[in-house]
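Visitor: return a 3D structure for these sequence lines:
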Amino acid sequence: MKNRYSLKKHILLAMGAIYLAVLVLLLVLDIYSISNYQKTIRQDLMSDFSSAKAEIENRIQDLNDFVLESYSNNAHVNTLISVRSDTEWSRIKTYNAAYDFSKYCDSRMRIDTAMSGYYFSYGSEKRYGFRYSNTNQSGVNLRKTLLEGINNFLETSDNTSGSFLINTDEVVHYVVYYKKGYFSIACSTELFGGSFISDKARRSSSLIIESAGNYYYQDSSLNNFTGDAQVFTAELIKLDVQPDTWEKVILENKMFYVYKAECSKADGYLYGIVSVQASDIAGGLQVFLIILTVLSIVGLLFLYRFIQNQFIHPLYEMTEKMNEIRSGRWEAKMPEDINYEEIDEVGRTLNLLLSEIERMKIASYEERLDKQRTIMQYLQLQLKPHFYLNCMKMLNVLAAKSEYGHMQDLIINISAHLRYLLYNKDMLVCIRDEIAYVRNYLELQQGLSMRQIECEYHIDNMVLEWKVPILSIQTFIENSVKYAVPADEEAPLRLQVSVLALSMENEDYADICIRDNGNGYSNELLELLNGSETTENTALGVGITNLKKRFALFYNKPVVYDFYNQDGAVSEMIVPRKDESANESVDCG
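Guide: You can find the predicted model right below:
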């Protein structure tokens, strides 16, 4: 047999394979473009950081050279070192030397940007000068901060030369000093202030110097990142950033680039800190590729929905309808008014064929229905002759005894009985009418035999209008009246009729149960009644067999039977609710 394949599956597989290839290509382009873009960002930042580091080291070197040259070779400094100010002549000499050296330092600051301040003392005299740049701090406050820092360090340090760092609010100062006797000199340079990167307007940045276990930073610059510069620096120390590498770190729930490099001129490490912005992740081209990738995914969903609604779903509906037809449901119809002419034409043509088949089927069904009506009439007649003879005999007896009142009641019951059987041309009757017929039949039997009969009814109101084949309940009542013998022969015959509504798997059923207090069914008869084969071997089995045949003719769905003994005979049937549209209407009075 030739292999068969699912069209839906192949369409989806082909569409998925093509899109997957496009999606992989777009993702590779996205990843490559974003990676290359971020690499360029880091390279630019590294270039700015290297330039800032080189400038800092050049400033330190130039400052060291100036201080060493002044300390070693400047005549004014030699005078201040060698002359004591204890005589008038020496005071004049040292004053002139100090004045000339301060003028020399002032001129040097004007032409050399590496030098931002000087301080020297001789004996009890002090001279200083500072240049203010890259700061919003007032000159008085800055001068005060620098003088306090230099004085405190020189007074407490035992070294004759060295360097140290001073933090101000906005600038970090590097100071070089020499001391000899009563003379000391210190010069400073501004290491950094403000942003060190080229795109100052785009991002925030700051530098931190680690020297001798201390950290020096520009407060106002770090405050762009955090509300507390000290806490920020303490958190940075804990991260233990490795030297000569850019790292992305998270501090105080914000992301930063951090670079750490050795700064030998300052005897420590230099940290570069740059805020990470959304534009660092992807540029214009990268955003375009990402949007294109997202749009391709959205487009795939719309394409899938389009193919599903316009092609796959109509074909699926046609397949389902064909399966229904194959299983015998000829009333199924193919979907029409489809947007595509070819598919719509197939559906319309199949519907024409189905309509013709249904017409032929109805004609065949009506022919068979006529035959079934003939059989039904014959089956009903099988139940009647012996009963009519008994009625005639009883009427004869009552006439002989002149019991005309009793005779009149009996005639009314017989008339109702015959009317129900002879004038009811419908094969189906309402449960309400069947119960009324049972009541009349029991009254008729009591009139015929003078036997005491009690009947209890339990009928759900919702089933009263449901249809069942005629004599569905009366057949069992008649069997009980004929054959049920209570254990106490003088006790009345007690019957119970219940018709309850059931709902199972979205289907409605009527549970019809008839009980008596007689001697019950024999084991042999129970086996025959509950078996798949019907029996007519006994008088008791004739009526039930006919009833089973009638249920089989009227119901496409199976009827469940259960016969057993429980303080008498119990006969139970689970009957599907009859679909009225497929049959003649029944007037339930």
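
Visitor: which parts of the stretch 301-450 of the chain are helices?
Guide: Counting by DSSP state H, counting those that start in this stretch, the stretch 301-450 of the chain has these helices, from start to end: 313-326, 341-381, 385-400, 404-422, 431-449.

Visitor: what is the shortest one packed up against?
Guide: Helix 313-326 makes packing contacts with helix 7-73, helix 341-381 when contacts are defined by 3 or more Cβ pairs under 8 Å, 6 or more residues apart in numbering; DSSP states H and E. Every C-beta, even on glycine, is put in place using the N, C-alpha and C of the backbone.

Visitor: now these as a markdown table including distance to Ile209, mean pLDDT and mean neighbour count?
Guide: Formatted as a markdown table, these follow (distance: least, Cβ to Cβ, whole Å; pLDDT from 0 to 100; neighbours: other Cβ atoms under 10 Å):
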| stretch | distance to Ile209 | mean pLDDT | mean neighbour count |
| --- | --- | --- | --- |
| helix 7-73 | 8 | 81 | 15 |
| helix 341-381 | 78 | 68 | 13 |
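
Visitor: who wins for proximity to Ser296 among those helices?
Guide: Of all these, helix 7-73 sits nearest to Ser296, with 6.3 Å by Cβ to Cβ.

Visitor: quick one: the following helix or strand past that closest one to helix 7-73, angle?
Guide: As assigned by DSSP states H and E, the chain's next helix or strand after helix 7-73 is helix 75-82. The directions of helix 75-82 and helix 7-73 differ by 70 degrees, with axes from the mean of the first three to the mean of the last three Cα atoms, to 10 degrees as the criterion.

Visitor: now the helices of the stretch 301-450 of the chain as a markdown table including distance to Leu547?
Guide: Shown next, in a markdown table, are the helices of the stretch 301-450 of the chain (distance: least, Cβ to Cβ, whole Å):
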| stretch | distance to Leu547 |
| --- | --- |
| helix 313-326 | 32 |
| helix 341-381 | 9 |
| helix 385-400 | 16 |
| helix 404-422 | 15 |
| helix 431-449 | 12 |
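
Visitor: out of those helices, nearest to Ser211?
Guide: Of the helices of the stretch 301-450 of the chain, nearest to Ser211 by Cβ to Cβ is helix 313-326, at 74.5 Å.

Visitor: and that closest one, how far from the chain's centre?
Guide: Computed by Cα atoms, centre = their mean, to the nearest Å, the chain-centroid distance of helix 313-326 equals 32 Å.

Visitor: can you mark which positions in it are buried?
Guide: Pro314, Leu315, Met318, Lys321, Ile325 (16 or more other Cβ atoms under 10 Å).

Visitor: rewinding a little: next, format the helices and strands packed on helix 313-326 as CSV and append distance to Val397.
Guide: As requested, these are exported to CSV (distance: least, Cβ to Cβ, whole Å):
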stretch, distance to Val397
helix 7-73, 80
helix 341-381, 26
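
Visitor: among those, which comes closest to His406?
Guide: Using Cβ to Cβ as the measure, helix 341-381 is the one of the helices and strands packed on helix 313-326 that comes nearest His406, at 28.4 Å.

Visitor: quick one on the thing from earlier: the helices and strands packed on helix 313-326: which one's closest to Glu403?
Guide: Across the helices and strands packed on helix 313-326, closest to Glu403 is helix 341-381 (Cβ to Cβ), at 30.7 Å.

Visitor: let me see the contact set for Ser161.
Guide: Val176, Tyr177, Tyr178, Lys179 (Cβ atoms under 8 Å, 6 or more residues apart in numbering).

Visitor: just the C-alpha atoms of the one helix or strand the second one maps to, please, in PDB.
Guide: With elements delineated by DSSP H and E, Tyr177 resides in strand 172-180, which encompasses its position. These are the backbone C-alpha positions of strand 172-180, laid out as PDB (Å, rounded to 0.1, in the frame of the first residue of the first chain):
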ATOM      1  CA  VAL A 172      42.400  64.700  43.700                       C
ATOM      2  CA  HIS A 173      45.800  66.400  44.300                       C
ATOM      3  CA  TYR A 174      49.200  64.700  44.200                       C
ATOM      4  CA  VAL A 175      51.800  66.300  46.400                       C
ATOM      5  CA  VAL A 176      55.600  65.900  46.300                       C
ATOM      6  CA  TYR A 177      57.700  67.100  49.200                       C
ATOM      7  CA  TYR A 178      61.300  67.500  50.400                       C
ATOM      8  CA  LYS A 179      62.500  68.500  53.900                       C
ATOM      9  CA  LYS A 180      65.900  69.500  55.100                       C
END
